[in-house]
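# What follows is a protein structure lacking sequence information:
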DNA sequence: GCGACAG
DNA sequence: ATCTTGTCGC
């Protein structure tokens, strides 16, 4: 598939300025058609961090069966700085997305969407650059406050910051720590929660994320 | 100044 | 994220 892009050779200050500008392009309401293919995106590292490895898997939403999987590797060019994660991971993820022959209708990203200091986490960045609806699925919190999430599967409580709801703390399974869901692009929070649950079967994380994670980090020499 | 801090 | 073995609990 084709993707938009921009310079990635930026200083942290320039990156922050770009986030403030691109944040204005995020669409926070449902603007997605029928969702048939859902993609999962994840990133891993090789050579002690020297190489960034991005994996994208495309599943058929109906039965969560694997339709396509691609991997891309690039030299790591930006450090990990809380709030600027996308500048470290996007270039390689975009390279992987360009290899896809099937265009997904929705992107589930590993990290935050608008639940970010400048409301522009990696899910927003990937959504805006691809033009695809996207959702941020993070394992831990970056910013915002919240109460306890309900115990039952599918239960959630708002993640708030400065008076606004920026996401949901969602219990995907009974007795497991909740995940942090937030809007990436072209989708509402309620719809995002429904798709995340639709992609989650017997584990805490959605199948898209699990398969992408396996491809991004577990194929070189780890688990048997 | 101090504490927080996606992956 | 990554470096790393066994171990506690459902």
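Cool, the structure landed. Computed from a prediction, not measured in an experiment: that's the story for all the values here.

# my guess is residue A:28 meets residue A:113, correct?
No. Contact criterion CB atoms under 8 Å: residue A:28 and residue A:113 do not qualify, at 9.3 Å. Any C-beta I mention is one placed from the backbone N, CA and C, and that applies to glycine too.

# anything in contact with each of these two?
residue A:183 (CB atoms under 8 Å, 6 or more residues apart in numbering).

# Of these two, which one has the most company?
Set residue A:28 next to residue A:113 and count neighbours by other CB atoms under 10 Å: residue A:113 wins out with 33 against 16.

# ok, the more buried one - contacts?
Residue A:113 makes contacts with A:121, A:123-124, A:127, A:134-136, A:167, A:181-185, A:192, as judged by CB under 8 Å, 6+ apart.

# Also residue A:92?
With CB under 8 Å, 6+ apart, residue A:92 has these contacts: A:43, A:52, A:53, A:54, A:72, A:73, A:74.

# Same question for residue A:151.
A:171, A:174, A:175.

# and the residues you listed near DNA strand C, which?
Filtering these for neighbours of DNA strand C using CB under 7 Å from any atom of the strand leaves residue A:175.

# from the contacts of residue A:151, which is closest to residue A:33?
residue A:171 (28.9 Å; CB to CB).

# from what I can see the closest one touches residue A:181, true?
No. Applying CB under 8 Å as the test, residue A:171 and residue A:181 come out as separate, 10.9 Å apart.

# residues shared between the contacts of the two?
residue A:156.

# sorry, back to before: out of the contacts of residue A:151, which end up buried?
residue A:171 (16 or more other CB atoms under 10 Å).

# what is the mean pLDDT for stretch A:14-21?
Mean pLDDT, stretch A:14-21: 98.

# Contacts for that stretch, please.
Stretch A:14-21 has contacts (CB under 8 Å, 6+ apart) with A:6, A:10, A:83, A:84, A:87, A:118, A:120, A:125.

# next one: stretch A:22-32
Defining contact as CB under 8 Å, 6+ apart, one finds that stretch A:22-32 is touched by A:105-106, A:114, A:118-120, A:124-125, A:127-128, A:133, A:183-188, A:191.
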